[in-house]
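Engineer: Sequence and computational prediction follow.
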Amino acid sequence: MIEPILKGGYNQRLSRWSNLIKEPKMNVPWLSKQTISKRAKELIDGFQAMAGYEVKPPIPVEDIIERYLGLRLLYDDLTRVFRQEILGAVYVEARTICINERLFESGSEGRLVFTCGHETGHWVLHRQYANEQPKDKTNKPSIVCNPKNAKEPIEWQADYFSSCLLMPEKDIREAFEEVCAPEPLVVKNSMRDKNNAGEQPYLEQWPFIAAAMCEAGGFSNVSKHAMIIRLQDLGLLVNKTGKKMDWNSILVDE
Ligand SMILES: [Zn+2]
């Protein structure tokens with residue numbers, strides 16, 4: 001049972017305007033990766049102090065949202081509400097984060113949890129700018145997350161925050177040393193290259209590298225794809241093949 005976000009006909013009120021307006025646009029200042037990473041670490045440290053135990057992966061992001069930040073976390077069919085694929089939304093005034101419940105259907109806990117981390121990123125990094133927006137009485141969401149806008153600074157920053165929150169650098173480095181080596185892993189070959197030198201790991205082996213990392217570090221709520229992006233970001237995995245490490249890279253040609 002989905003609890004209405006706002007008193008008095010939330011769905012009715014949403015449907016009235018959701019197809020009439022574009023997502024609210026918000027300009028945010030540039031933030032370095034280092035700053036975003038620090039803010040994510042501070043959040044974990046704060047939660048840890050409150051919880052009274054050492055927080056290790058899997059990072060309990062839902063607990064952090066509800067118990068530490070004191071926000072309401074709701075799941076709703078945002079694709080229906082907004083009539084387009086919206087992953088999540090933040091209602092700053094109502095202190096509410098809403099996640100698209102269709103992410104449950106995709107069977108990927110990783111994607112769902114990553115979206116929770118992403119909306120948390122908006123709350124931590126961007127809610128002050130939402131407060132600067134002109135107020136109105138329509139209870140519009142402050143931030144609406146459309147995957148089409150993934151490259152915009154506000155969305156990129158929230159994605160990076162989620163990555164740092166769910167995969168803290170210290171825990172990643174510890175797991176990497178256990179799984180691989182102290183040295184970064186360099187991928188030079190694809191199995192499809194006719195002239196590959198036979199040197200492993202191959203590009204197509206990335207899901208196995210990611211799975212081993214998730215297993216070793218306890219990152220059970222992280223997708224393999226998010227893990228492989230994090231490893232590359234931290235310089236632990238270097239892809240020199242010129243091809244992307246994504247699911248398309250391992251599809252078998254017809
Ligand atoms: Zn977003």
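Structural biologist: Okay, I see it.
Engineer: Residues of this protein that sit close to the ion?
Structural biologist: With the criterion set to C-beta under 5 Å from the ion, the chain comes near the ion through Cys145, Glu155, Ala158. (Glycine included, C-beta is placed from N, CA and C.)
Engineer: Just name the closest of those residues to Ser220, please.
Structural biologist: Relative to Ser220, the closest of those is Ala158; by C-beta to C-beta it sits at 22.2 Å.
Engineer: That closest one touches His126, doesn't it?
Structural biologist: Yes - with contact defined as C-beta atoms under 8 Å, Ala158 and His126 form a contacting pair (7.4 Å).
Engineer: between the two, who's got more neighbours?
Structural biologist: Each of Ala158 and His126 has its neighbours counted (other C-beta atoms under 10 Å); Ala158 has more, 29 against 23.
Engineer: gap between the helix or strand harbouring Val124 and the chain center?
Structural biologist: Per DSSP states H and E, Val124 falls inside helix 109-131. On the basis of C-alpha atoms, centre = their mean, to the nearest Å, helix 109-131 sits 8 Å off its chain's mean C-alpha point.
Engineer: Which positions in it come out as buried?
Structural biologist: 110-126, 129-130 (16 or more other C-beta atoms under 10 Å).
Engineer: Quick one: list the elements packing against it.
Structural biologist: helix 33-51, helix 61-63, strand 88-91, strand 96-100, helix 102-105, strand 143-145, helix 153-166, helix 224-233 (3 or more C-beta pairs under 8 Å, 6 or more residues apart in numbering; DSSP states H and E).
Engineer: pLDDT on it, on average?
Structural biologist: For helix 109-131, mean pLDDT is 95.
Engineer: Most proximal residue of the stretch 1-150 of the chain with respect to the ion?
Structural biologist: The minimum distance from the stretch 1-150 of the chain to the ion, using C-beta to the ion, falls at Cys145 (3.2 Å).
Engineer: which stretches of the stretch 151-254 of the chain form helices?
Structural biologist: Taking DSSP state H, counting those that start in this stretch, the helices of the stretch 151-254 of the chain run over residues 153-166, 169-179, 206-217, 224-233.
Engineer: Cheers, nothing more for now.
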